[in-house]
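K.L.:
Below are the sequence and a predicted model for it; my questions follow.
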Amino acid sequence: MIYCDSKATLFKATNKTYNGKKRHLSLKHQSLRGLLKQGVVIIDYVESKNNLADPLTKGLARDMIAKTSKRMGLRFV
C-alpha cells in the first residue's frame, strides 16, 4: 500500500498514457503500472492533514508536528 497526498501524482501513476516528457521516469512508470495491474501495489489518496510522512518530507507548523508525532507513537517535547 502506497499512500499519496498528491492527486496529480496519483493520476500520473494510474494513467495509461505516458507523455515522455520525463524520459528517465518512463521505465519506472511502466514498472509501477505493471505492479498496479497485477495488484502487487495499491496507491491510495490521503489528505495532507492525515499524512504521517509530512514531517519527514517538508516543514510544518508546530501543532501539525505534534499531532503527527503523537500518531506515530513518538513523544513530542
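P.N.:
Yes, it's here.
K.L.:
So which elements touch the helix or strand of the chain with the lowest mean pLDDT?
P.N.:
The helix or strand of the chain with the poorest confidence is helix 54-57; it has a mean of 80 (mean pLDDT, DSSP states H and E). Contacts defined by 3 or more CB pairs under 8 Å, 6 or more residues apart in numbering; DSSP states H and E place helix 54-57 against helix 62-71. For the C-beta atoms, the positions are set from N, CA and C on the backbone; glycine is no exception.
K.L.:
Please report the distance of residue 39 from residue 1.
P.N.:
11 Å (CB to CB, to the nearest Å).
K.L.:
Residue 68: how many residues sit nearby?
P.N.:
Look at residue 68: counted by other CB atoms under 10 Å, it has 20 neighbours.
K.L.:
how close does it sit to residue 74?
P.N.:
Distance, residue 68 to residue 74, by CB to CB: 9 Å.
K.L.:
cool, and residue 36?
P.N.:
32 Å.
K.L.:
more crowded one of the two?
P.N.:
More crowded of residue 36 and residue 74, by other CB under 10 Å: residue 36, with 15 against 12.
K.L.:
Just say helix, strand or coil for that one.
P.N.:
Recorded secondary structure, residue 36: helix (DSSP: H, G, I helix; E, B strand; the rest coil).
K.L.:
Show the pLDDT at it.
P.N.:
We have a pLDDT of 88 for residue 36.
K.L.:
residues in contact with it?
P.N.:
Neighbouring residues of residue 36 by CB atoms under 8 Å, 6 or more residues apart in numbering: 13, 14, 42, 43.
K.L.:
check contacts around the residue nearest to residue 42 when sequence neighbours are not counted.
P.N.:
Leaving aside its sequence neighbours, residue 42 sits nearest to residue 1 (CB to CB, 6 or more residues apart in numbering; 5.2 Å). Taking CB under 8 Å, 6+ apart, we find residue 1 in contact with 41, 42, 44.
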